[in-house]
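Undergrad: A predicted structure for the sequence below; I have some questions about it.
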Amino acid sequence: MHRRMMMSDRDITGELKVGDQLRMAKELQRLNQELHPNKTKIKRDVEAWQKARNKIIEECGGIEEYKKYMNAEENNFDGKKLSEWDKYNSRKVLKQDEDGNVLLFKALDDQYGEIVYEVDGDGGKAYKEVTDQINDIVSTYRSATLGELSWRSIPKS
């Protein structure tokens, strides 16, 4: 985790690094690309994934047994094996538009508008103030390397 953070353009809080830290991150990224030139982000090959999944379905009992299994009917399908395969070879993602906006969130924004946590009609000012105070208090107890709360540093009352 620490090495990954050193290579990132952003610090633990999500802010863009500046100065020597940014230069070091860029140099580490360049070095990593030199050492591992073929290691790029995983591209989804849906067709190959579907072929592999169909093969595992056949190994687990075939398509007819799979249909029975999915309809909760009596079957001889090895659902455990398929679930294990899915766990390692699948992931759930939310559909996005060409700009990378999640369609579900976009639809919610269109339907309901921006969500504002108001207290007595203040437009969310009190909510933001309280969350800022909480974040300020908690930030003093966050681990600088991981960004998680360092429970040992919190005083016991």
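TA: Cool, the structure landed.
Undergrad: So which residues of the protein form helices?
TA: 2-7, 19-35, 46-60, 63-70, 79-89, 103-112, 125-139 (DSSP state H).
Undergrad: Out of these, flag the one nearest Thr13.
TA: Taking CB to CB, helix 125-139 is the member of the helices of the chain nearest to Thr13, at 8.3 Å. For the C-beta atoms, the positions are set from N, CA and C on the backbone; glycine is no exception.
Undergrad: Next, give phi and psi for the residue nearest to the spatial centre of the chain.
TA: Closest residue to the average C-alpha location of the chain: Val93 at 9.1 Å, with CA atoms, centre = their mean. The phi and psi values for Val93, taken as degrees, to the nearest 10, are phi -130, psi 150.
Undergrad: residue contacts, it?
TA: By CB atoms under 8 Å, 6 or more residues apart in numbering, no residues touch Val93.
Undergrad: where does the chain dip in pLDDT?
TA: 1, 38-44, 114-117, 143-147, 149-154, 156-157 (pLDDT under 70).
Undergrad: If we use 90, what do you get?
TA: 1-22, 24-26, 28-49, 86-157 (pLDDT under 90).
Undergrad: For Val46, see how far away the residue nearest to the centre of the chain is.
TA: 12 Å (CB to CB, to the nearest Å).
Undergrad: and Asp11, how many neighbours?
TA: Residues within reach of Asp11, counting by other CB atoms under 10 Å, total 16.
Undergrad: I appreciate the help and will end here.
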